[in-house]
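1. 3D, please:
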Amino acid sequence: MKPLFMMFFTVLLAIGGLNAQTKGKAVSKKAKPYKIVFQMVSKDTTDHNAMVRQLFNIQKLAPGSKLEVVCHGPGMSFIHKEKSLVLDKLKDLVLLHKVDFVACEFTMQQKNIKREQLLDECRTVPGGILEIVDKQDKGWSYIKSGY
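-> Now for the predicted structure:
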């Protein structure tokens, strides 16, 4: 009888110890979807690769998040067919995760970039900065990508 009592007591202690270990720790919950607008202003391919990783990571951690990348200035190379080293990954982000890539028409005009030269899946807006401001007015979070 005593060995049975000791075994029962040991099991209770083990269960109590497991409960104590989980107290105070964040329980893994499904993350809420976010709305984030990114400003891509860098022509640096290291920044482009980092942006792609971040977009995939966010969709992994918070599926269903709305993500938009606004490209202007030197950042247009991120979505330029002849200059981007991550074009295939951008297409995957559009198709699999509905990431929205946006090109600034003002920059396109300044740099003589034709619509056909850009990622087919991107859209254009008259001004990249104003697109970002509009998103912020609608409650989107803002992140600057690249320097």
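2. for the residue most central in space within the chain, what are its contacts?
-> For the chain, the residue nearest the mean C-alpha position is residue 55 (2.8 Å; C-alpha atoms, centre = their mean). By C-beta atoms under 8 Å, 6 or more residues apart in numbering, the contact list for residue 55 reads 67, 69, 93, 97, 99. (Each C-beta comes from the backbone N, C-alpha and C, glycine too.)
3. what's the next secondary structure element after the strand or helix carrying the second one?
-> Translated: residue 69. The secondary structure element spanning residue 69 is strand 66-71 (assigned by DSSP states H and E). For strand 66-71, the succeeding helix or strand toward the C-terminus, using DSSP H and E, is helix 87-97.
4. now do that following helix against strand 66-71, angle only.
-> 150 degrees (axes from the mean of the first three to the mean of the last three C-alpha atoms, to 10 degrees).
5. and the contacts of the following helix or strand past helix 87-97?
-> Sequence-wise, the next helix or strand downstream of helix 87-97 (DSSP H and E) is strand 100-104. Contact with strand 100-104 is made by 66-73, 76, 79, 90, 93-94, 113, 115, 118-119, 121-129, 131, as judged by C-beta under 8 Å, 6+ apart.
6. reformat the contacts of residue 55 as JSON lines; add pLDDT and distance to residue 145.
-> Below are the contacts of residue 55 laid out as JSON lines (pLDDT from 0 to 100; distance: C-beta to C-beta, whole Å):
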{"residue": "67", "pLDDT": "98", "distance to residue 145": "11"}
{"residue": "69", "pLDDT": "98", "distance to residue 145": "7"}
{"residue": "93", "pLDDT": "98", "distance to residue 145": "14"}
{"residue": "97", "pLDDT": "95", "distance to residue 145": "17"}
{"residue": "99", "pLDDT": "98", "distance to residue 145": "13"}
